[in-house]
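Asks: Provided below are the primary sequence and the corresponding predicted coordinates.
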Amino acid sequence: MPKKTLDTYIERVRDSRVWHSVFRSGRGGTRLHDVLAIQQNVFFHLFPAKARRRSLDIGVTWYLGALTFGTFCILVITGILLMLYYHPSVPQAYADMKDLQFVVSSGVFLRNLHRWSAHAMVFLVFAHMFRVFYRGAYRPPREFNWVIGVLLLLITLLLSYTGYLLPWDQLSFWAVTVGSNIASAVPLVGAKIRFLLLGGHLVNANALLRFYVLHCVILPLAAIIFIAVHFWRIRKDGGLYAGAPRNPEAK
Ligand code: HEM
């Protein structure tokens with residue numbers, strides 16, 4: 001499509017009643033309109049309407065938080081697609097994995113994309129945390145966001161751990177046997193935690209179902225809620241920490 005026709009088309013869409021009913025701020029090309037466009041959109045309002053130019057430099061964040069979020073999005077999409085082929089039942093779980101490998105078209109690609117994105121997310125979340133620590137971005141007023149971050153780190157690790165059992169092969173079975181035994185070593189409540197996690201005393205059908213529900217529903221929902229709070233907090237804490245001003249006199 002020639003550029004002029006495309007521009008006219010975009011103009012017409014942005015002047016339409018449908019556009020105005022969704023993006024209330026209207027258009028005007030002023031700073032105020034830009035700010036309102038961010039503040040009045042349910043998704044954008046989590047983010048700051050303005051950012052310090054310095055905080056956008058790659059050296060400030062290495063985009064590690066954004067990359068972590070990117071891998072999380074890939075995991076949600078590929079996870080939903082995998083759910084179309086997987087049954088959390090003892091006779092079928094392993095066979096479904098083999099079907100993904102040999103029968104489903106692009107099944108190997110789908111499964112590996114999910115696996116590798118999970119490994120990447122664990123690596124990136126640690127890298128992001130070290131970056132925040134190294135730059136001192138955890139200090140007030142960002143200490144609450146650091147705590148939210150710690151919860152996100154735990155959720156990421158739990159997502160990884162619960163996903164490990166789902167292929168129901170020897171590796172998963174023994175990994176979860178060892179992992180749940182470690183949990184039972186916690187003084188006083190250890191045995192109860194293990195029982196709650198497995199839905200019994202053994203790694204069997206109950207455990208598979210519990211891990212499936214945790215992996216596909218409870219933990220992803222918790223992650224989405226805490227990620228939303230995490231992004232909203234960045235805005236409330238005055239944007240990203242871009243370091244001390246280079247010339248304090250210049251502010
Ligand atoms: C699912 C996991 C996580 C996601 C998706 C995520 C996402 C993000 C994003 C996109 C940012 C914006 C700047 C950047 O890219 O660095 C950010 C900032 C921040 N994150 Fe995370 N994060 C996660 C986990 C963590 C963890 C584990 C911690 C620390 C324990 C943490 C602490 C912080 C803090 C304190 C900031 C503000 C930093 C600043 O103002 O410069 N986050 N996060």
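Replies: Nice, thanks for sending it over.

Asks: buried ones in stretch 111-121?
Replies: Residues of stretch 111-121 classed as buried by neighbour count (16 or more other C-beta atoms under 10 Å): 111, 113-114, 117-118, 120-121. Every residue, glycine included, has its C-beta placed from N, CA and C.

Asks: same thing with stretch 189-206?
Replies: 194, 197-199, 203, 205.

Asks: nearest to residue 184, of the buried residues of stretch 111-121?
Replies: Here the nearest of those to residue 184, counting by C-beta to C-beta, is residue 118; it sits at 25.4 Å.

Asks: that closest one contacts residue 75, correct?
Replies: Yes - with contact defined as C-beta atoms under 8 Å, residue 118 counts as touching residue 75 (6.2 Å).

Asks: anything in contact with each of these two?
Replies: The contact sets of residue 118 and residue 75 overlap at residue 159 (C-beta atoms under 8 Å, 6 or more residues apart in numbering).

Asks: could you list the low-pLDDT ranges of the stretch 1-150 of the chain?
Replies: 1, 26-28 (pLDDT under 70).

Asks: who in it is up against the ligand?
Replies: Contact residues (C-beta under 6 Å from any ligand atom) of the stretch 1-150 of the chain with the ligand: 61, 63-66, 68-69, 72, 125, 128-129, 132, 137-138, 142, 145-146, 149-150.

Asks: and the buried ones among the residues you listed, selectable in ChimeraX?
Replies: Only the buried entries of these go into this ChimeraX selection, using 16+ other C-beta under 10 Å:
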select :61,64,65,68,69,72,125,128,129,132,137,138,142,145,146,149
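
Asks: all strands for the chain, in order.
Replies: Counting by DSSP state E, the chain forms no strands at all.

Asks: residues contacting the residue nearest in space to the middle of the chain?
Replies: Among the residues of the chain, the one closest to the centroid is residue 72, at 3.7 Å (C-alpha atoms, centre = their mean). Each residue near residue 72 by C-beta under 8 Å, 6+ apart is listed here: 121, 223, 227.

Asks: now distance to residue 84 too, for the residues you listed, in a markdown table please.
Replies: Shown next, in a markdown table, are these (distance: C-beta to C-beta, whole Å):
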| residue | distance to residue 84 |
| --- | --- |
| 121 | 22 |
| 223 | 21 |
| 227 | 24 |
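
Asks: what is the nearest of those residues to residue 85?
Replies: residue 121 (21.6 Å).

Asks: with adjacent residues omitted, what lies nearest to that closest one?
Replies: Once flanking residues are discounted, residue 121 sits nearest to residue 71: 4.1 Å by C-beta to C-beta, 6 or more residues apart in numbering.

Asks: hang on, isn't that neighbour packed against residue 124?
Replies: Yes - the criterion here is C-beta under 8 Å, and residue 71 meets it with residue 124 at 6.1 Å.

Asks: who has more neighbours out of the two?
Replies: Shown here are residue 71 and residue 124; by other C-beta atoms under 10 Å, residue 124 has more neighbours (23 against 20).

Asks: so which elements touch the longest helix seen in the chain?
Replies: When the chain is parsed with DSSP state H, its longest helix is helix 107-134. Judged by 3 or more C-beta pairs under 8 Å, 6 or more residues apart in numbering; DSSP states H and E, helix 107-134 is in contact with helix 64-83, helix 90-102, helix 143-165.

Asks: against residue 64, how distant is residue 133?
Replies: 12 Å (C-beta to C-beta, to the nearest Å).

Asks: got it, and residue 150?
Replies: Distance, residue 150 to residue 64, using C-beta to C-beta: 16 Å.

Asks: noted, bye for now.
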